[in-house]
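Chemist: here's my sequence, what's the structure:
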Amino acid sequence: MKTRIELDNNIKEEEIVIRCRTVTDEIQRLYETLSNNTAKECSLTFYKGTAEYYLSLDEILFFETEEKVVFAHTKDDMYQVKCRLYELEEFLPGVFMRISKSTIINTSKVHSIQRNLTSSSLVEFQGTYKQVFASRHYYKALKNKLEEKRKPL
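Modeler: As a prediction, the model looks like this:
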């Protein structure tokens, strides 16, 4: 695999591009590593009442939209986020993925999935009673991502 750095004084934002014939396991792991490291630079503020909280993204189980308001769920609590889901998708680390129109989950916190062939599948998280539903449309991608995480580096 070749690597190189190109300098361009005219660009407004740095960009990393991976060119490949196919997405191999090695390339997928590289992509996830880069995504995780670059996303850590972004910061989110979480709100509860009039208080502002500064949480680690690792504490977040999932983001969910309820009546046009986005909430971040931790093991024990829920906070409002002043971003839309599509905005969160752009800068969240690679361990986060959308599993329905209204939900983005932290795949590193998934404990189990109860598959339902005819409708949504139930996703449960480690150490909490909180659950969300993955739509059939996103189930295969979720399953693939969880399988990838199980493979050794």
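Chemist: pLDDT value on the spatially most central residue of the chain, please?
Modeler: For the chain, residue 96 is the residue whose C-alpha lies nearest the centre (C-alpha atoms, centre = their mean; 1.0 Å). With respect to pLDDT, residue 96 has a value of 93.
Chemist: and what of residue 39?
Modeler: 48.
Chemist: okay, now the unreliable bits of this structure?
Modeler: Scanning the chain for pLDDT under 70 picks out 35-43, 151-153.
Chemist: try it again at 80.
Modeler: Within the chain, the segments meeting pLDDT under 80 span 1-4, 12-15, 32-43, 116-119, 148-153.
Chemist: mind listing the strands for it?
Modeler: With DSSP state E, the ranges of strands along the chain come out as 46-48, 51-53, 62-66, 69-73, 78-81, 96-100, 103-106, 110-114, 121-125, 131-134.
Chemist: identify the spatial nearest neighbour of residue 127, chain neighbours not counted.
Modeler: Spatial nearest neighbour of residue 127, excluding adjacent residues (C-beta to C-beta, 6 or more residues apart in numbering): residue 75 at 5.7 Å. For every residue, glycine as well, the C-beta is placed using N, CA and C.
Chemist: and for residue 119?
Modeler: residue 136 (7.0 Å).
Chemist: my guess is the one you found meets residue 100, correct?
Modeler: No: the pair residue 136 / residue 100 is not scored as a contact, 9.6 Å apart, by C-beta atoms under 8 Å.
Chemist: of those two, who's got more company?
Modeler: When residue 136 and residue 100 are compared for neighbours, residue 100 comes out ahead with 21 against 14, by other C-beta atoms under 10 Å.
Chemist: ok, what's across the strand from the more buried one?
Modeler: With beta bridges defined as DSSP bridges, residue 100 has these partners: residue 103.
Chemist: that one is in contact with residue 139, isn't it?
Modeler: No: look at residue 100 against residue 139 with C-beta under 8 Å: they stay out of range, at 9.9 Å.
Chemist: residue ranges for the helices of the protein, please.
Modeler: In the chain, the helices defined using DSSP state H lie at 25-39, 85-91, 136-150.
Chemist: residue 85 - how many residues pack around it?
Modeler: Using other C-beta under 10 Å, residue 85 has 18 neighbouring residues.
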